[in-house]
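Student: using only what follows, build the 3D model:
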Amino acid sequence: MFLIGRFLSSLSKLSSLIGTICVILMMLHVTADVIGRYFFNAPLPGTIVVVANYYMVVLVFLAIGVAEEQRAHISVEFVTDMMPERVQTGFSVFSSALTVVVISALMVAGYTEAMKKTNIGATMEQGSQMIEVWQSYWAIPVGAGLMVLIAAYRVITTLTGLRSGLNETGIDAEFIND
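Tutor: Okay, here's the model as predicted:
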């Protein structure tokens with residue numbers, strides 16, 4: 001089981017790397033567009049479409065798996081912190097199982113939409129150009145799938161008591177919460 005957790009952590013790190021690359025590319029792309037627009041009167045064509053439909057989508061949806069691994073999603077624990085450890089564990093399992101159900105629905109809907117957009121070759125118009133955007137729709141089911149795998153794995157390891165192998169930031173989170 002531990003190796004599965006290490007593998008999921010590796011996928012999460014890859015996701016994080018891709019997100020970091022997206023941020024850097026977006027920064028360079030927008031900077032080049034601004035320089036081209038204001039210094040040379042020649043903006044880069046398609047910047048708005050590329051930023052909104054590629055960089056942002058990939059960044060947001062690949063990051064949800066990373067946030068799940070690190071337990072970085074928003075949570076309110078002011079009541080559960082006063083409960084016994086066993087009850088807290090029960091709530092944790094319940095919330096992770098609910099996450100699996102809800103995000104699985106998002107993953108399936110994202111996959112269905114990605115298939116539709118791929119089949120029609122979805123494009124967007126900016127100025128006089130048509131820019132293909134169907135590829136970016138695949139970030140939704142991939143990111144949601146990673147989140148589902150990590151949440152489901154966490155349920156299994158919590159229930160069985162086995163070491164997870166995930167790179168969680170529990171120590172940091174406990175320090176921040178205190």
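Student: alpha carbons only for contacts and neighbour counts from here, please
Tutor: Will do.
Student: what about residue 130, which SS state?
Tutor: Per DSSP: H, G, I helix; E, B strand; the rest coil, the local secondary structure of residue 130 is strand.
Student: now do the phi/psi pair for the nearest residue to it once chain neighbours are set aside.
Tutor: Nearest residue to residue 130, sequence neighbours excluded (Cα to Cα, 6 or more residues apart in numbering): residue 124, at 5.5 Å. Dihedral angles of residue 124 (phi, psi; degrees, to the nearest 10) stand at phi -130, psi 150.
Student: gap between residue 124 and residue 135?
Tutor: According to Cα to Cα, to the nearest Å, residue 124 stands 12 Å off from residue 135.
Student: and residue 151, by the same measure?
Tutor: Applying Cα to Cα, the value for residue 151 to residue 135 is 26 Å.
Student: quick one: residues contacting residue 162.
Tutor: Residue 162 makes contact with 1, 2 under the criterion Cα atoms under 8 Å, 6 or more residues apart in numbering.
Student: please enumerate the strands of this structure.
Tutor: Counting by DSSP state E, one finds strands in the chain at the ranges 123-126, 129-132.
Student: just put these in a markdown table and tack on mean pLDDT and distance to residue 107.
Tutor: As requested, the strands of the chain are arranged in a markdown table below (pLDDT from 0 to 100; distance: least, Cα to Cα, whole Å):
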| stretch | mean pLDDT | distance to residue 107 |
| --- | --- | --- |
| strand 123-126 | 87 | 22 |
| strand 129-132 | 88 | 22 |
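Student: ok so, going back, residues contacting the residue nearest to residue 130?
Tutor: Going by Cα under 8 Å, 6+ apart, residue 124 touches 49, 130, 131, 132, 133.
Student: just list whatever residues bridge to the second one.
Tutor: Spelled out, it's residue 130. Counting by DSSP bridges, residue 130 is bridged to residue 125.
Student: and the nearest residue to residue 13 once chain neighbours are set aside, what does it touch?
Tutor: If the residues on either side of it in the chain are set aside, residue 13 comes closest to residue 66, at 7.4 Å by Cα to Cα, 6+ apart. Residues near residue 66 by Cα under 8 Å, 6+ apart: 12, 13, 15, 16, 147.
Student: tell me how many other residues crowd residue 100.
Tutor: Using other Cα atoms under 10 Å, residue 100 has 22 neighbouring residues.
Student: that one contacts residue 145, correct?
Tutor: No: here residue 100 does not reach residue 145: they are 9.4 Å apart, not a contact under Cα atoms under 8 Å.
Student: gap between the longest helix anywhere in the chain and the chain center?
Tutor: Across the chain, the longest stretch assigned as helix under DSSP state H is helix 2-39. Remark: helix 2-39 is offset 12 Å from the chain centroid, using Cα atoms, centre = their mean, to the nearest Å.
Student: many thanks, we can stop here.
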